[in-house]
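Participant: Using only what follows, build the 3D model:
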Amino acid sequence: MQPIFALHLAAALLALLLGVVVLSLTKGTKLHKALGRTWVALMLVVAISSFWIVEIGKGSFSVIHLLSAWTLISLALAIWFIRCGNVRAHKGFMVGTFLGLAGAGLGALAPGRALSTFLVALVG
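Facilitator: Here you go, the predicted model:
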């Protein structure tokens with residue numbers, strides 16, 4: 001496994017697990033804020049590292065990279081909204097980004113994708 005792929009996968013798995021925790025916490029607490037900042041950092045690693053993973057586009061960017069760009073925009077907007085006191089918009093962008101992460105994870109398990117191929121080789 002290439003290092004960038006391992007970094008991407010590790011950050012994505014941690015973000016998925018931490019996202020469930022953050023979304024289940026009481027909002028606005030110190031713990032929610034601290035874990036939320038950690039989640040944003042993990043999501044930045046996931047999104048940015050994806051630009052070096054080009055297996056779908058056969059060596060170039062693919063449509064999936066638009067999701068990474070949108071993730072960066074969504075995270076910035078979510079932070080901006082909470083700093084402006086717009087909790088509803090912040091929540092919408094954070095939940096949407098989390099669902100996008102979960103959806104991308106499911107898509108990564110499709111036959112022929114790098115993660116699917118890795119898992120098949122690992123167990124078979």
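Participant: Need the residues that contact the lowest-mean-pLDDT helix or strand in the chain.
Facilitator: The weakest-scoring helix or strand in the chain, judged by mean pLDDT, DSSP states H and E, is helix 114-123 (a mean of 78). By CB atoms under 8 Å, 6 or more residues apart in numbering, the surrounding residues in contact with helix 114-123 are 1, 5, 9, 53, 55, 108-110. C-beta here means a position set from N, CA and C on the backbone, and glycine is covered the same way.
Participant: Buried ones only from these, please, as a PyMOL command.
Facilitator: Provided next is the PyMOL selection string for whichever of those are buried by 16 or more other CB atoms under 10 Å:
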select buried, resi 5+9+53+108
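Participant: Pick out the lowest-pLDDT one from the contacts of helix 114-123.
Facilitator: Of all these, Glu55 has the smallest pLDDT value, namely 67.
Participant: hang on, the earlier thing: narrow the contacts of helix 114-123 to those in helices?
Facilitator: Among the contacts of helix 114-123, the residues falling in helices (DSSP state H) are 5, 9, 108.
Participant: can you put those residues in JSON lines and add distance to Met43?
Facilitator: Putting these into JSON lines (distance: CB to CB, whole Å) gives the following:
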{"residue": "Phe5", "distance to Met43": "17"}
{"residue": "Leu9", "distance to Met43": "14"}
{"residue": "Ala108", "distance to Met43": "15"}
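Participant: Closest to Leu18 out of the residues you listed?
Facilitator: Closest approach to Leu18 among the ones in helices among the contacts of helix 114-123 (CB to CB): Leu9, at 14.8 Å.
Participant: in this protein, which spans are helices?
Facilitator: So, for the chain - with DSSP H - the helices run 3-24, 30-50, 64-83, 87-108, 114-123.
Participant: Worst mean pLDDT among those helices?
Facilitator: Of all the helices of the chain, mean pLDDT reaches its minimum on helix 114-123 (a mean of 78).
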